[in-house]
Structure formats: structure tokens, C-alpha cells
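In: Mind looking at a prediction? Sequence and model below.
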Amino acid sequence: MNNKLFGKLWIILLAMVSVQATCSYSMKDVSYPPEVKTAKVSYIENRARFVNPQLSPQLTDKLKQKIISQTRLSVVNGDDAHYDISGYITDFSVNTSGISGQQVSSNNLNITVHIIFKNRLDEKKNFETDITRNFPFSSTLSFSDAQSRLMDDIVKNVSDDIFNKIFSNW
């Protein structure tokens, strides 16, 4: 191989590496800069008037597992993590969502989680937001039974919403 051809190939390879180095890491709809390597997920405390003792630990754990399985980030406990995710549950309540005749026919279990996201590598990307979800259930169920039946959906959907808010560019 002559030196001219080798030089041109080297320049093309260098250009391709440079372009890739400036791109964000992306997997499906997940996007974050390549220099981000670690995330800390603090315990999501329950500050709602009604406290379901299972919700905070399950939600915290599900969010950690989602980050581990859907990103290349390491979840760490130290204060030097590139992404610092914390928050607290502000609402866990029930309201009537449907009336048939003069009877309650359906209810909603409402949940709101206040999320605090800190990007230690780019503070302009820091934000706080509320994630709110409503989960309908029949009025024939007690509040306790509704919580039990809906817990898996609540944990999955709310953790998905938090994850998408942090890692999606939409």
C-alpha cells in the first residue's frame, strides 16, 4: 500500500471516529452523552397524605433496574455520580371518575411523583418535574384491594414515565 493511499485512509478513519465521538449514546429512544457513565437513584420517599409502604421501595428499585437494563450506565451510591436522580411521592389518593345512576361506578387511584434530576456534567440540563398517573378501578373494589391489584402497573408505568423524562429526547 503506498503512502498516499494510507494517508487518505487514515484521514477518513480519523474523520469517522471524530464524528462518532461527538454523537450521543442512543439505544432505542434512550439518549445521553457518551461521557455519562454513572447514575445515582436515591430512595423515592413517600410524602403523600396516604402512604403505601410498598410503593417507595418498589418504585426506587424498578427505576434502578430499568437504568441498568436499558442503558450502559452503572448505578452507584456515591455523591459523585454523573446523573443524580431523586424525588418523592406527593400524591397517592382516590377520586371518583364515573357515576352511573346516582351510584359511583368507577374510581381513579392517582399518583404524583416529584422528580429532581441533576446532571453533574452539564448543570443546564438539571430539572424538576412532576410525573402524574391515574389508574382506574371499579367502585366494587375497596381501596386496599385496588392498591394490591394495581401495584405492578403503578410501579411499571410510573418508573417508565420517570425514565422516559430523563433519557428520551421528546
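Out: Perfect, I can see it now. Residues are numbered from 1 along each chain as shown.

In: CA atoms for contacts and neighbours, from now on please.
Out: Fine.

In: So, low pLDDT: which residues of this protein?
Out: 1-29, 98-104, 169-170 (pLDDT under 70).

In: please redo it, this time with the cut-off set to 90
Out: Low-confidence segments of the chain (pLDDT under 90): 1-32, 95-108, 137-143, 168-170.

In: what ranges do the helices span in it?
Out: Assigned by DSSP state H, the helices in the chain fall at 3-21, 55-70, 143-167.

In: excluding its backbone neighbours, what's nearest Val155?
Out: Once flanking residues are discounted, Val155 sits nearest to Leu59: 5.3 Å by CA to CA, 6 or more residues apart in numbering.

In: tell me the contacts of that neighbour?
Out: Taking CA atoms under 8 Å, 6 or more residues apart in numbering as the criterion, Leu59 is in contact with 44, 155-156, 158-159.

In: Give the buried subset of those residues as a ChimeraX selection command.
Out: In ChimeraX, this line selects whichever of those come out buried by 16 or more other CA atoms under 10 Å:
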select :44,155,158,159
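
In: Of all pairs in the contacts of Leu59, which one is the farthest apart?
Out: Ile44 and Lys156 (14.5 Å; CA to CA).
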